[in-house]
Structure formats: C-alpha cells, structure tokens
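>>> Dropping a prediction and its sequence here:
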Amino acid sequence: MIGTAGSAQKRSWVRDVAGFDDCLDHYADDILRQIRAANRDGYQVVFDNVGGELLDACLFNIAERARVVLCGSISTGYKPQRPDVGIFYYQLLTMRRSRMEGFLVTDYAERFAEARRDLLTWAADGRLHQHYDILEGLEQAPVALNHLFRGGNLGKQLVKL
C-alpha cells in the first residue's frame, strides 16, 4: 500500500505506524514519476481525497481494470468555481478499461453497525492505527480548519470544547 502526505513527519507516521509500504511527498515536483516508481505494474485501487494534480498523477499510473474511488478534493479548497488544475489523464480510464466513482459514507448507512464492530476489533487487535490532533477551545476552530487546508494536522483534526 502506497500513501501520500505533505510532510516528513506525516510520511514517517504512515510508514512506521500505519504500516504502509511507502509514503510519497505529494508536494514533490516529480510526484507522477514517484508514484510510477513505487509500483511499476500500476495501481488496481486508488482512493483519492485530494483531487487535482495528485489525482491526475494517479490516473496516469492506473492498472487495467483499476478502480478509482473519489472521496474528497481538498486541493480545490472546495471552492464552487472551476479549480485551476483539472485532470488530463482521464482518457486512461477508457484505455485501461477502468472506472472512477464517487464514495460517500452515508451510502452505506445500513452497514454502520458492522463497520463499527470491525473497526473496534481492528483497533483492539492493533491492526488499525489512528492519531488525533486536538486543539483546545472554540476560539481555536478557525486554526483547526486552516490546518486541514494547509496540512498542519497529523491525523483527525478535533477541537475540544
């Protein structure tokens, strides 16, 4: 499993704590080549929370019959206007007979109890690792939100009231 993160601290956590095979710097100028070098056979599954250039680099490196799951697009700042960077390699979805689909957790509401049970078991067994970045006080809410868009948090960003 290959991940991406924007700081050395986050990349170390993904590799050393979460147990990924590697974690690449998504800010690197040559991220497309790094993604290719990490898996020369192409990726069967891409789970994307970022969008923009990183999604495009992943599309360039998909395998035949790959599945690309879209869950977020933080690189766009979630602005309603058209993002500065679109995707250019979408035609590879056709050439590699792959598919791209949006994912919303609410589509699986009927399975929440099952997911909760499995996640708690995995956490208890040490197979699921999580980290919380907690700021104290409602006045810190703008700082916490800014952390999300600038990569200032490690793990789930929370504000304790």
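Happy to help now that I have it.
>>> Quick check: the gap between the residue lying closest to L104 once chain neighbours are set aside and R97.
With Cβ to Cβ, 6 or more residues apart in numbering as the criterion, L104 has its nearest non-adjacent residue at 8.0 Å, and that residue is C71. For every residue, glycine as well, the C-beta is placed using N, CA and C. Distance, C71 to R97, by Cβ to Cβ, to the nearest Å: 22 Å.
>>> again, but for L24
Taking Cβ to Cβ as the measure, L24 and R97 are separated by 26 Å.
>>> Who has more neighbours out of those two?
Residue environment comparison for L24 versus R97 gives the larger neighbour count to L24, 21 against 10, counting by other Cβ atoms under 10 Å.
>>> And the more buried one, what's its pLDDT?
We note a pLDDT of 96 for L24 in this prediction.
>>> Same question for the one 3 residues further on.
What the model reports as pLDDT for Y27 is 90.
>>> Name all residues that make contact with it.
Residues touching Y27, when contacts are defined by Cβ atoms under 8 Å, 6 or more residues apart in numbering, comprise G6.
>>> which residue ranges form the strands in the protein?
Assignment of strands within the chain using DSSP state E yields the ranges 2-5, 22-25, 43-48, 62-70, 99-102, 132-136, 156-160.
>>> Just name the most buried of these.
strand 2-5 (a mean of 20; mean count of other Cβ atoms under 10 Å).
>>> Would you pull up how far that strand lies from the middle of the chain?
Distance of strand 2-5 from its chain centroid, counting by Cα atoms, centre = their mean, to the nearest Å, is 7 Å.
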